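Participant: this is a predicted model, with the sequence first.
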Amino acid sequence: MALPTNSSPALISGFAGAGTKAGFSVILIKGWIPVIAFLILSPLIGLVLGYLIMVSVSWLTFSDGET
């Protein structure tokens, strides 16, 4: 059906669930930092790249009426 899904909660829940099953001592903050950082950075990177692509396509297809 190609429905948009949000896998961020599943990713965090999977990490936390696996960690709690093995014991809370195996959950290391050092391992969570890259995951959380890219959960925040990836939408921002997508926003910037999408904007740059939109501007470049607009610039390439712009016509000032002089043909």
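Facilitator: Thanks, I have the structure now. Numbers count the residues shown, from 1 in each chain.

Participant: scan the protein for its longest helix.
Facilitator: Within the chain, and with DSSP state H defining each element, the longest helix by residue count is helix 29-61.

Participant: state the distance from Phe15 to Leu60.
Facilitator: Here Phe15 is placed at a distance of 43 Å from Leu60 (Cβ to Cβ, to the nearest Å). C-betas here are computed from N, CA, C, even on glycine.

Participant: picking up where we left off before, pLDDT averaged over the longest helix of the chain - what is it?
Facilitator: Mean pLDDT, computed over helix 29-61, is 89.

Participant: which secondary structure elements does it sit against?
Facilitator: In terms of contacts (3 or more Cβ pairs under 8 Å, 6 or more residues apart in numbering; DSSP states H and E), helix 29-61 is packed against helix 8-22.

Participant: what angle do the helix it packs on and helix 29-61 make?
Facilitator: 160 degrees (axes from the mean of the first three to the mean of the last three Cα atoms, to 10 degrees).

Participant: mind listing residues that contact helix 8-22?
Facilitator: Applying Cβ atoms under 8 Å, 6 or more residues apart in numbering, the external contacts of helix 8-22 come out as 26-27, 31-32, 35, 39.

Participant: narrow those residues to those that are buried.
Facilitator: Neighbour-count burial (16 or more other Cβ atoms under 10 Å) is assigned to none of the contacts of helix 8-22.

Participant: with distance to Gly46 added, can I get those residues in CSV?
Facilitator: Listed next are these as CSV, based on distance: Cβ to Cβ, whole Å:
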residue, distance to Gly46
Val26, 32
Ile27, 29
Gly31, 24
Trp32, 22
Val35, 17
Leu39, 12
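
Participant: what's the neighbour count on Val48?
Facilitator: For Val48, the count of nearby residues is 10 (other Cβ atoms under 10 Å).

Participant: picking up where we left off before, pick the one among the contacts of helix 8-22 closest to Asn6.
Facilitator: Leu39 (10.3 Å; Cβ to Cβ).
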